[in-house]
Structures are given as C-alpha cells and as structure tokens.
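# Provided below are the primary sequence and the corresponding predicted coordinates.
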Amino acid sequence: MATIAGTQLTAVEARDLAHSAELRKELGIRDLLLAQILVVVVPEFFGTAVKAGPAHVSLWLLAFLLFFIPQAFVVGHLNRLMPLEGGLYEWARIGFGDWVGFLVAWNLWLTCTVQVSQIALITTTYITYAAGPKAEWIASNTKTLIAVSLVVIAGMMFVARWGLRLGKWVTNAGSVFTVLIIAVLGALPFVLLWRGTLHEYHPARLVMPSLTLFSLSVFAKMTFGALSGFDTIAIFAGEARSPARSIARATLVATPIIALLYIAGTSSILAFVSPENVDIIGPIPQALSLGFGSFGDAAAMVAPVAILLLLTNYLCTYVLLFSANARLPMVAGWDSLLPKWFTKLHAQYKTPINSILFMGGVAIAASMAVLLGVGNQEAFAMLQIWTWTFYGLAYLVMFAIPLVSRKELGLRPGFWLRSASASGFLVTLLFVVLCVFPIISVSSVTAYTLKTVCVVVGANVFALVLYFVSRRKVPDKV
C-alpha cells in the first residue's frame, strides 16, 4: 500500500492523491497564514463575547487553553498524516468509514451554505452603519436584499471558477483589512482616554464569570463559534505547496495573532457598548460608530470607511467558504459517494465547475429563504446557531479521530495530543448541547429550542437516508 507520513493508504486514497495532482498548487505559507486569520476571526462573535461583560478576558483565556490550542495541534497532526484535498471530510472517512465521512462532509457543506445565505443581511447591516440613519431602510427592503444576494453570490461563483490564483488575493486582502480594522478598534479607547473623552478603560481586567447557565452558554458559543475554523484551509491541501508542513506552520503563527485580536477587540467594544445593548450582527461597526462620533464630524468620517473595510472580512471569507464548499462534492465524487458529475474540472482553471454551479444555485435558494426573517435579531441568531451546530457535529468527529480510530490506521498520537483532543471534544460537546439556549431575548425559548433540535437532527437523518439510498445505486468502489 501507499503511505502518507507513515499512514497506510488504500487504493482509493492513493487515487485521491492522483486526482489532487491535477489541481494547481497556488497556496504558499503566506496565503495559508492570512486565510487562517480570515476564516477564524468572525466579527459577530465579538458581540457574543461582549455578552460576558468584564469576564470576557477570563473566558477568552480559558477558551484558548481548552479549545483553541488543542484544535491547532489536532488539525496539524491530522493534516500532517493525511494532507488530502477535502481535509476533515477525508480524515473522517479514513478514520471511521464512508458513512461517517459523508455525514461530516454534509455538515461542513451545510455550515458553509447557511453562512453564505446570510450575506445580504450582513452586507446591508454594515452599509447601514456606514451610511447612518438615513440608510436604515436598506436593511429591511426585500428587493434590495435580493439584489445584494444575487450580485454577491454571482461574484463568489466568478472567483471560484477562476480558482485560487485569483481567490487567494481576495482572501489575503480581506485578512489584511480585518487585522487593520480590529487594530484601529483596539487603539480607539486609548486615544479617547488620552483626549479625556473616555474616563476609564481596563482592557485586560481579570474578572471571574458567574456560574450560571447563561454564562456557560456564552462561553461555549464564543469558544467554538469564534475559535473554530483551522480545518477549513486543510480542504485545499491538494492545492497547497508542501501542505503537510506549510499548513501546520501557518496555523502556529496565526494562533497568537487571532488570540490578541479577539481579546483587544472585545475589550474595545465594551468601552462603548453595554452587554445588553450590543448588536450581535454588527458589534464592531456599532462600536466604531460610537467611538469615532466623539471626534466631531470631520474625524467621524473615518468610521464609515473602517466599517466598509471590515465588511470585506465577510465578503472575502464567504468567497473562501464558497470555494471550499465546492471542493467537498468534488472529492466525494472522487470517492464515489456522489455522482462523477461533481468531479468535472474546468479545462483551463482546473476548478470543479459543475460543483461551483450547483453550489451557486443552492446558495441563491438558501439566501432567498433566509430573507423571510430579514431584520430580525432572533432570526439571525437562530441561523447562526444552526450553522455552528452543524459545524460542531463535524468537529466532534475530528477530535474523536485521535482518540478512538482503529490503531492499525496509525492516526492515534501520544498522550499529550490525545489529552488535547479530549479537551477539544468536551468543549465542542458542551457547545452542541447548549446550542438550544439563546443568549438574546426571544419570543419563545421552547420554540427556539424545538426549531434548533428539529433542524439539526432532521438534516442529519436526511443525510443518512440519502447516503444509504445512493449506496444501493452505486457499485462497490475499487
């Protein structure tokens, strides 16, 4: 049998490597580093962390220790052993079999699809903050929202068709702008303190959180929601140069940068916004608007520019997620878990053109469905929690691979990395269990809970039925 980093591969895995050889190797370590920062730093989860109030620093530090660092080590370990296009999907399929791999791919695909479907809500929210009260109608005008969805998704399809030769520059720009804007946000309270318009500011104060179900739910959401994502870049392993080494190095460098951005950004938002009044869709533009407002009309013009630049975080992240989502059906097609139609590559750009078209159609349909709850914080929170719960289920499998995969596969690491896997698994499980507990005021907690459970369980039951029905129609793999 062929091997990767000492791990035995079947003929199917070796065939996947051969398919990956057809793809262009566009991603170097700089591109991977910037992509890691872009995909992990999620602006709305600053708002979730603000809900913890002064205890956010303690919770962030606990989250880094129990989840973020373990995630980085586990992703590095699995990618070193299996640097395969498809990332976590392939790790799960090799570790636990085809049906588990299919479920993981399904949940990853749903995660990206639901995220992309929210693009109109997020784009119009940021434009409203940038333009001021006179533009508030934009975020509630259905025709405008539909137009924004269509234009943005068409742009994602265009970039995905061209491939990572273009896409990496979109990702790099979004990452640089994200770091720049959060750095401005982090510096703003110090400037106002120096000017005397802010009376006090304690960005690194350690306050113990209260032991309540609410604070535990906030911790679980800000830990998993804000700090997961390192696995996404591994989906492009077949399009990276020296993926076993370069993805691990990029993750190592990105980890402290991301930690600093989250702590500094959350502290700054709390300088301007109370936990009760934070906008969970746009916490950073909300804080920038309030902070720059004290400088007068001339300086306040900086805030709209900063807000629009931060919008590039979402747009560029969704371009990356869209491209990653198009790779999953392609790789599943290589493994005969989906029709070969999904594996067709563009003759010039070597991108999965049919999968991109399919993803574009689904994204447009999903975005139209999302607009039924437009302008509603509860609707956005529910979509957000569905998204991250799908992702959480995939992460439970990822952390389980080093713990309980078959010994003969050679995927089990030493004691310390298994301990890290166990920590990551438990934190992720806590998030999945508490996903039914809302952190904002909702019309009915019971309805919120039932909707979440039904959507998550129903989606996975449907995937299992789809898998076993398709298995009857597909001949055994060679």
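Thanks, I have it. What you see is a predicted model; the values in this text were computed from it and never measured.

# Neighbours of residue 53, how many?
Neighbour count for residue 53, taken as other Cβ atoms under 10 Å: 17. In this view, the C-beta of every residue, glycine as well, is placed from N, C-alpha and C.

# wait, residue 461
Around residue 461 there are 10 residues (other Cβ under 10 Å).

# May I ask which helix or strand encompasses it?
If you go by DSSP states H and E, residue 461 is part of helix 445-473.

# same thing with residue 217?
helix 213-227.

# so how far is residue 60 from residue 67?
Going from residue 67 to residue 60 by Cβ to Cβ, to the nearest Å gives 11 Å.

# go on, residue 415?
27 Å.

# who does the helix holding residue 461 touch, helix- and strand-wise?
helix 98-117, helix 377-404 (3 or more Cβ pairs under 8 Å, 6 or more residues apart in numbering; DSSP states H and E).

# for the host helix or strand of residue 146, packing partners?
Assigned by DSSP H and E, residue 146 falls within helix 142-162. Helices and strands touching helix 142-162, by 3+ Cβ pairs under 8 Å, 6+ apart, are helix 119-131, helix 164-195, helix 302-334, helix 353-370.

# and of the ones you listed, who's closest to residue 148?
helix 119-131 (4.5 Å; Cβ to Cβ).

# Specify the local secondary structure of the closest residue in space to residue 162 that isn't next to it in sequence.
Excluding the flanking residues, the one nearest residue 162 by Cβ to Cβ, 6 or more residues apart in numbering is residue 349, at 5.7 Å. Under the three-state scheme (DSSP: H, G, I helix; E, B strand; the rest coil), residue 349 adopts coil.

# List the contacts of residue 349.
24, 161-163, 165 (Cβ atoms under 8 Å, 6 or more residues apart in numbering).

# As TSV, these with pLDDT, neighbour count and distance to residue 137 would be great.
Shown next, in TSV, are the contacts of residue 349 (pLDDT from 0 to 100; neighbours: other Cβ atoms under 10 Å; distance: Cβ to Cβ, whole Å):
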residue	pLDDT	neighbour count	distance to residue 137
24	88	13	44
161	92	20	34
162	92	16	35
163	90	22	38
165	90	13	39
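
# Return the closest of those with respect to residue 356.
Proximity of these to residue 356 (Cβ to Cβ) peaks at residue 161, which lies at 5.8 Å.

# contacting residues for the closest one?
346, 349, 351, 353, 356.

# buried ones in stretch 392-402?
392-402 (16 or more other Cβ atoms under 10 Å).

# From the chain's centroid, how far away is it?
How far stretch 392-402 lies from its chain's middle: 15 Å, per Cα atoms, centre = their mean, to the nearest Å.

# Which residues outside stretch 205-225 are in contact with it?
For stretch 205-225, the external contacting residues (Cβ under 8 Å, 6+ apart) are 42, 45, 48-49, 51-60, 62-63, 66-68, 384-385, 388, 391-392, 395, 427-428, 430-431, 434-435, 437, 439.

# Which members of those are classed as buried?
For the contacts of stretch 205-225, buried by 16+ other Cβ under 10 Å: 42, 45, 48-49, 51-53, 55-60, 63, 66-68, 384-385, 388, 391-392, 395, 427-428, 430-431, 434-435, 437, 439.

# show me the contacts for residue 435.
So residue 435 contacts 220-221, 385, 388-389, 392, 452, 456 (Cβ under 8 Å, 6+ apart).

# Kindly report the same for residue 395.
Counting by Cβ under 8 Å, 6+ apart, residue 395 has contacts 71, 224, 228, 231, 424, 428.

# Setting aside sequence neighbours, what's the nearest residue to the second one?
Same thing as residue 224. residue 431 (4.0 Å).

# isn't the one you found right next to residue 390, touching?
No: Residue 431 is beyond contact range of residue 390, at 11.8 Å (criterion: Cβ atoms under 8 Å).

# which residues are common contacts for those two?
Here residue 431 and residue 390 share no contacting residue, scored by Cβ under 8 Å, 6+ apart.

# before we move on, back to that, which ones among the contacts of stretch 205-225 lie within helices?
Using DSSP state H, the subset of these located in helices is 45, 48-49, 56-60, 62-63, 384-385, 388, 391-392, 395, 427-428, 430-431, 434.

# which element is the nearest residue to residue 302 once chain neighbours are set aside on?
Nearest non-adjacent residue to residue 302, counting by Cβ to Cβ, 6+ apart: residue 292, 5.5 Å away. Using DSSP H and E, residue 292 sits in helix 283-293.

# Quote the end-to-end distance of stretch 428-448.
End-to-end distance for stretch 428-448: 20 Å, by Cα to Cα, to the nearest Å.

# tell me the mean pLDDT over that stretch?
The average pLDDT within stretch 428-448 is 75.

# Ok, stretch 122-134 next?
Throughout stretch 122-134, pLDDT has a mean value of 78.

# Would you mind listing the buried residues in that stretch?
Neighbour-count burial for stretch 122-134 [16+ other Cβ under 10 Å]: 122-130.

# Contacts made by it with the rest, please.
Here stretch 122-134 has contacts from 44, 135-136, 138-139, 144-145, 148, 152, 279, 281-282, 285-286, 288-289, 303-305, 307-308, 310-311, 314-315, using Cβ under 8 Å, 6+ apart.

# about what we covered before: any chance of the contacts of residue 349 in CSV, with distance to residue 320 too?
Shown next, in CSV, are the contacts of residue 349 (distance: Cβ to Cβ, whole Å):
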residue, distance to residue 320
24, 16
161, 15
162, 13
163, 12
165, 14
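
# What is the nearest of these to residue 94?
Among the contacts of residue 349, and counting by Cβ to Cβ, the member closest to residue 94 is residue 24, at 24.4 Å.
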